[in-house]
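*Asks:* A structural model of the following input is requested.
(one chain, ligands or ions: 1)
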Amino acid sequence: MRLCKEEYREIKEMVGMRQAAGFYGYHPDRRGNCICPFHQDRHPSMKIYPHDRGYYCFSCGSGGDVINFVGRLYGLDNEQAAKKLINDFSLPIKTEGLSYKENRERSKRIRKQKQMKEFYTYAKNILSVYRQMLCDAIRNPEDPDFTEACQELSIVEYRLSCLDTDLEDYFNDEKAVRKIGEVRERITGWHEGTGAGRTIPG
Ligand SMILES: [Zn+2]
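*Replies:* You can find the predicted model right below:
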């Protein structure tokens, strides 16, 4: 079975770059500097970034993520490298011999990830536009939307940060998702000056 994008993402989340480099014999120092396996390196010129942020060699310019690193190290393509990581780190990602139920759950998971990604783009776009409107309004106390801006600006900023830090919780929170729709209506009514949708309950 071919791995899908979602599984590549999971692997990168589960296996930190430093962890992987160390596992395959390249031990970064405390600052993440490491001997580069991809050129004749005598002084550590590769930087290993923590978590899923990959690596970069300042001498030979090779860089990428953890899957790329393993692929290059062992001469594997991405798919093979990903499967090697799954095996070597005993990751709970099953790629073969899936039962009907497991297959269905896998599809469901993939579908949800896709919806979440779409929601992220949609919500980020709407909240950013709204934030910009509030930022404009808050500069002028005479602006009819000044009060709203004072009340809502920090809330919008909080929501924007939640999108980046707790996307899944946000996505699962029906009330929060509905709120995005309300903000969208507010944006539409903004220039009509009718006050339609002016109050967005926090
Ligand atoms: Zn190098």
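*Asks:* helices and strands around the top helix by length along the chain, which ones?
*Replies:* Longest helix in the chain, counting residues (DSSP state H): helix 100-138. Packing contacts for helix 100-138, counted by 3 or more C-beta pairs under 8 Å, 6 or more residues apart in numbering; DSSP states H and E, involve helix 5-14, helix 146-165, helix 167-172, helix 174-189. The C-beta positions use only the backbone N, C-alpha and C, and glycine is treated the same way.
*Asks:* For the ion, find the nearest of those.
*Replies:* helix 5-14 (21.1 Å; C-beta to the ion).
*Asks:* in the closest one, what counts as buried?
*Replies:* Within helix 5-14, the residues that count as buried by 16 or more other C-beta atoms under 10 Å are 6-8, 10-12, 14.
*Asks:* Repeat that for stretch 40-52.
*Replies:* 44-49, 52.
*Asks:* Send me it as CSV with only the CA atoms.
*Replies:* C-alpha atoms of stretch 40-52 as CSV (Å, rounded to 0.1, in the frame of the first residue of the first chain):
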residue,chain,number,x,y,z
GLN,A,40,33.6,14.8,3.7
ASP,A,41,32.9,16.7,6.9
ARG,A,42,35.6,17.0,9.6
HIS,A,43,34.0,19.8,11.6
PRO,A,44,30.3,19.6,12.3
SER,A,45,28.7,21.7,9.6
MET,A,46,25.3,20.3,9.6
LYS,A,47,22.6,21.8,11.7
ILE,A,48,20.0,19.4,13.1
TYR,A,49,16.8,21.2,14.0
PRO,A,50,14.6,19.9,16.8
HIS,A,51,11.1,18.4,16.3
ASP,A,52,10.0,18.1,12.7
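*Asks:* what sits up against it?
*Replies:* With C-beta atoms under 8 Å, 6 or more residues apart in numbering as the test, stretch 40-52 has contacts from 12-13, 16-18, 21, 26, 28-29, 32-38, 55-60, 65-66.
*Asks:* ok now that stretch, how far from the chain's centre?
*Replies:* 24 Å (C-alpha atoms, centre = their mean, to the nearest Å).
*Asks:* now stretch 58-66
*Replies:* On C-alpha atoms, centre = their mean, the centre of stretch 58-66 falls 21 Å from the chain's centre.
*Asks:* buried residues in it?
*Replies:* Result for stretch 58-66 [16+ other C-beta under 10 Å]: buried residues 62-63, 65-66.
*Asks:* quick revisit: kindly reformat the buried residues of stretch 40-52 as a markdown table and extend each row with distance to the ion.
*Replies:* What follows is these, written out as a markdown table (distance: C-beta to the ion, whole Å):
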| residue | distance to the ion |
| --- | --- |
| Pro44 | 10 |
| Ser45 | 6 |
| Met46 | 6 |
| Lys47 | 10 |
| Ile48 | 12 |
| Tyr49 | 15 |
| Asp52 | 20 |
